[in-house]
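Undergrad: Below are the sequence and a predicted model; questions follow.
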Amino acid sequence: MTPYQVFITPRALQEAKELPRHMRQRIRRAIQELADDPRPANSKELDVHGLTQEARRLRLDKWRVVYAITATDTIVDVLAVRKRPPYDYGDLNALLGELL
């Protein structure tokens, strides 16, 4: 299997930089691992209709990494790194719109 290219949006990069140090390291490793396995067991597909990409979230404790997979181009775009709760994926369409 060809490894995926992983891109991190400027917004997600800024959010990751603001994480507590121990979580920042775990999140960074988890994002790097998406290149080899973009659908790990602790991820879940998000229900978004009308997309050419597959939207997913990766759960690490109370934190969520929201990302999109473009299988035809073998690309993973990391869109956000948020704490849940209160994050409720309400801005998911806007985040995905930034990729276009």
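TA: Good, I have the coordinates.
Undergrad: for this protein, longest helix please?
TA: Longest helix of the chain, by residue count under DSSP state H: helix 21-33.
Undergrad: and after that helix, which helix or strand comes next?
TA: For helix 21-33, the following helix or strand on the C-terminal side (DSSP states H and E) is strand 43-45.
Undergrad: May I see the buried residues of that following strand?
TA: The neighbour-count check on strand 43-45 (16 or more other CB atoms under 10 Å) flags Ser43 as buried. C-beta coordinates here come from the backbone N, C-alpha and C atoms, glycine included.
Undergrad: where does the protein dip in pLDDT?
TA: 1, 100 (pLDDT under 70).
Undergrad: can you give me the helices for it?
TA: 10-17, 21-33, 92-97.
Undergrad: List the buried residues of the longest one.
TA: By neighbour count with 16+ other CB under 10 Å, helix 21-33 contains the buried residues 23, 27, 30-31.
Undergrad: What is the nearest of the residues you listed to Asp77?
TA: Ile31 (11.0 Å; CB to CB).
Undergrad: who's in contact with the closest one?
TA: Ile31 is in contact with 6, 8, 16, 65, 78, counting by CB atoms under 8 Å, 6 or more residues apart in numbering.
Undergrad: who touches the first one in this structure?
TA: To tie it back to what came earlier, the one meant is Val6. Contacts of Val6 by CB under 8 Å, 6+ apart are 31-32, 34-35, 75-76, 78.
Undergrad: which of those count as buried?
TA: 31, 34, 75-76, 78.
Undergrad: Any chance of a markdown table for the residues you listed, columns distance to Pro40?
TA: Converted to a markdown table, the buried ones among the contacts of Val6 look like this (distance: CB to CB, whole Å):
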| residue | distance to Pro40 |
| --- | --- |
| Ile31 | 11 |
| Leu34 | 8 |
| Ile75 | 17 |
| Val76 | 11 |
| Val78 | 14 |
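Undergrad: Mind picking the two most distant members of these?
TA: Farthest-apart pair in these is Ile31 and Ile75; separation 13.4 Å (CB to CB).
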